[in-house]
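A.B. asks: this is a predicted model, with the sequence first.
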2 protein chains.
Amino acid sequence: MSELKWKKGVAVAGVGLSKFGAFKEKNSRDLFVEAYQDMINSMQRYNPEKVEAFYLGNFSSDQFEKQAHLAPILASWIGLSPITALRIEDACASSGVALRQAALAIASGQYDVVLVGGVEKMTSLEIAAVTEALATAADTQFEVSAGFTFPGFYAAMATAYMHEFQASREAFYHVSIKNRNNGALNEYAQFGQTIFDIMESKKRRAVQKGLPVPEWKDEIEFLSDPKGNPMVAWPMTLFDCSPVSDGAAVALLVSEEIASSLTDTPIYMIGSGQASDGALPERENLYSIPAAVEASRQAYQMANLTPDDIDVAEVHDCFTIAEIIATEDLGFFERGEGWKAAIEGKTSRDGSRPVNTSGGLKSKGHPVGATGVGQIVEIWKQLNGLAEERQVQGDPKIGLTHNVGGSGQTCVVNIFERRG
Amino acid sequence: MSELKWKKGVAVAGVGLSKFGAFKEKNSRDLFVEAYQDMINSMQRYNPEKVEAFYLGNFSSDQFEKQAHLAPILASWIGLSPITALRIEDACASSGVALRQAALAIASGQYDVVLVGGVEKMTSLEIAAVTEALATAADTQFEVSAGFTFPGFYAAMATAYMHEFQASREAFYHVSIKNRNNGALNEYAQFGQTIFDIMESKKRRAVQKGLPVPEWKDEIEFLSDPKGNPMVAWPMTLFDCSPVSDGAAVALLVSEEIASSLTDTPIYMIGSGQASDGALPERENLYSIPAAVEASRQAYQMANLTPDDIDVAEVHDCFTIAEIIATEDLGFFERGEGWKAAIEGKTSRDGSRPVNTSGGLKSKGHPVGATGVGQIVEIWKQLNGLAEERQVQGDPKIGLTHNVGGSGQTCVVNIFERRG
């Protein structure tokens, strides 16, 4: 029914991030301003007077900060009233969806310049309350009432995956090690330490305290040992999980024809797709996320590309199993082959298919409403050769983002291209 | 900057409402299904397989039902997975904004058929908790911390308005009487009783109990008497306030060229505008809502119409003062003249400028996330001559909706036309 080509082309003219982490002293406004200023620094010719609308992705400042209606409040906070301002919520996919909606608004002819933001301030609540707030992203009636919280969902998926494909837990550890290695090179990331760093510091601490020094010969041994890496929900361990984070991300979306008037480093949005699904009990199996398969199908079709054309991707690794499933849902690897690819290093920065060079949700952090736009920040940097020590070699031109909400009730996939 | 004309035209092909009210036994899913079925009944040729996306306006099911991520859950609930599903939040303007965003998505060329919904289940919380949840729609840092809740905001506006224009409280009572009269003719409305009905039943009850019978000679006397109509926040009395409500509303938005293939009674969306603002302390005055002035300016400009062209309007009367200010912000009356127009009956069904023929938020009810689409339901009925006893005479062709979020941090105005 719908046309594949939008009525107008859309580009990303600038991007910005706050530092991700746990910042007791900062609220959503502080985090957002930090990201907004970072975006202004990324652009050569930003003019706030040209901004016509503000699309905010946010999961639940209602619950985290007792502040709903956050979009006009943030717009006012940075002096952009009376522009159109709205919040979009699709759980952890909120800002990936906000970016897609902003793109459609530009494609409609309504706007030429739209600020897209994502923000989440999570550490305002105690950790048990955070888990409870996050659980509202699942189906309260059929999932949460059965005792599920998010580590449980992804543990169930991991179990199903391992069973179906005879996968080993080692594959998850490789994802964890890779993303921690990448995140350690990202100054915005919540975690600066690699798994190796953590292992070594635990050994040093044992020496200092005169305790028996653990004999982990490498990171895999460390991660396999509950003394180094406690179990959360089998088979998901502590280092399989993304953290609770505070953070914000912004991107300036503009119509294609004015992009170069604002920046020397635009990237163009050439594909986009979004799909939804019901609760986990309704799925045919637990080792794939149908909404991701469908969203990526739409995005590839619109971009007229295949998975092999993607040079670099940021995927939704809220848990390590999620990254492995994502690389299959996106068609990077055959179904059941993703775990082997992780072990073989194919998704490393220097692998054939670099995934989560930013460190991903696991290491960069996962302020849930900020994650979708945060992914686009990394793609913008990689495509423009601005990712510093994390830069993927071989002149990447096409990048993809994959942002999941809930246990797969939402997925949005966006594809970007650098031209010239 | 932005073009005035969207790249594609947009029409409303069908509409539906649940009954509005306080329904302890119904949750958001029940209410939504009720509205969805009502919409299907309003259409001649509905085909769910043609629906490509679902845009949901909802203020805070997070707080009311511990259920965020509601859009894909409702889409799944009515069998529409894996279509795109997202929630839009702009406080009490959530579904008016959702409808506008859905229209932009159609105008972009992405979709041809989009289901737009609005829902709020509010009576799941005790009344004090509802007030607290609603207060998160205001600015927590600068408004709520100063002790304001919503009756207080609108009481402050009413006080400023009365002071500036020497308006009398009688004007508010006329709004209350009118909207109760209209709502009593609306089978979906929360309140079936007019103010006259309530007054008479209080008299009867006094007789039955052998108590002194109050000598109210008309509704104005009744409303002026704190024994009939207690004060909430001066000068806003109980009957100046909209109620706490449960309810849902849906509309099917389609591209103009396919509208007649789905329905014999389309209306066309010919104007739309949206604007934002900061908190109350930042406003120049408290007797107008700048975001409403700006949103209506955009909508009139896009539609190439003036306020005098509007045959029927649904405006955001969360409090009676809000309706009076709205009729000025929209340009129906000069600034400072709205209160006189209310007293003179100009906004009655048979007046020169019918406003809130549905009963408005005051009488139809105000399930906050459902209100914006609920307004469009009434406009669709009025323009198609389907409003039964509430039908405005004179063959209305142009209708307007005005939906406000918070204390005016958001306003969205949409204009519709019946053709032929």
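C.D. replies: It's in.
A.B. asks: any idea which helix or strand carries A:S296?
C.D. replies: Counting by DSSP states H and E, the element that carries A:S296 is helix A:290-303.
A.B. asks: contacts for that helix, please.
C.D. replies: Residues outside helix A:290-303 that contact it (Cβ atoms under 8 Å, 6 or more residues apart in numbering or on different chains) are A:4-5, A:270-277, A:283-284, A:306-307, A:309, A:325-326, A:329-331, A:400, A:402, A:404, A:408-415, A:417, B:72, B:82. Using the backbone N, CA and C atoms, a C-beta is placed for each residue, glycine as well.
A.B. asks: quick one: A:A341 and chain B, what's the gap?
C.D. replies: For A:A341, the distance to chain B under the criterion Cβ to the nearest Cβ, to the nearest Å works out to 26 Å.
A.B. asks: same deal with A:L305?
C.D. replies: As it turns out, when the distance is counted by Cβ to the nearest Cβ, A:L305 lies 18 Å from chain B.
A.B. asks: what about that residue, how many neighbours?
C.D. replies: Applying other Cβ atoms under 10 Å in any protein chain shown, we find 17 residues neighbouring A:L305.
A.B. asks: so it: helix, strand or coil?
C.D. replies: The local conformation at A:L305, judged by DSSP: H, G, I helix; E, B strand; the rest coil, is coil.
A.B. asks: where do the strands sit along chain A?
C.D. replies: A:10-17, A:53-57, A:84-89, A:113-121, A:231-233, A:236-237, A:246-255, A:267-276, A:312-314, A:398-405, A:410-417 (DSSP state E).
A.B. asks: packing partners for the fourth one?
C.D. replies: If I follow you right, that is strand A:113-121. For strand A:113-121, the packing partners by 3 or more Cβ pairs under 8 Å, 6 or more residues apart in numbering or on different chains; DSSP states H and E come out as helix A:28-42, strand A:53-57, helix A:61-65, helix A:70-77, helix A:94-107, strand A:246-255, helix A:371-383.
A.B. asks: same thing with the third one?
C.D. replies: Here strand A:84-89 is seen to pack against strand A:53-57, helix A:70-77, helix A:94-107, strand B:84-89, strand B:267-276 when contacts are counted using 3+ Cβ pairs under 8 Å, 6+ apart.
A.B. asks: partner strands of it, parallel or antiparallel?
C.D. replies: Each strand that strand A:84-89 pairs with, and the sense of that pairing, follows from DSSP bridges: strand A:53-57 (parallel), strand B:84-89 (antiparallel).
A.B. asks: including mean pLDDT, mean neighbour count and distance to B:R390, could the ones you listed go into CSV?
C.D. replies: As requested, those are exported to CSV (pLDDT from 0 to 100; neighbours: other Cβ atoms under 10 Å in any protein chain shown; distance: least, Cβ to Cβ, whole Å):
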stretch, mean pLDDT, mean neighbour count, distance to B:R390
strand A:53-57, 98, 30, 35
strand B:84-89, 98, 32, 29
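A.B. asks: turn those into CSV, including distance to B:Y173.
C.D. replies: Shown next, in CSV, are the strands paired with strand A:84-89 (distance: least, Cβ to Cβ, whole Å):
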stretch, distance to B:Y173
strand A:53-57, 39
strand B:84-89, 33
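A.B. asks: poorly predicted segments of chain A, please.
C.D. replies: Residues of chain A that meet the criterion pLDDT under 70 lie in A:1-4.
A.B. asks: tell me the spacing between A:S124 and chain B.
C.D. replies: The span separating A:S124 from chain B equals 11 Å under the rule Cβ to the nearest Cβ.
A.B. asks: could you measure from that residue over to A:V207?
C.D. replies: A:S124 is 38 Å from A:V207, where distance means Cβ to Cβ, to the nearest Å.
A.B. asks: quick check: closest non-adjacent residue to A:G79.
C.D. replies: Leaving aside its sequence neighbours, A:G79 sits nearest to A:P48 (Cβ to Cβ, 6 or more residues apart in numbering or on different chains; 6.8 Å).
A.B. asks: how many other residues sit next to that neighbour?
C.D. replies: By the measure other Cβ under 10 Å, the count of residues near A:P48 is 13.
A.B. asks: is it true that it touches A:A75?
C.D. replies: No - proximity of A:P48 to A:A75 does not meet the contact threshold set by Cβ atoms under 8 Å, at 10.8 Å.
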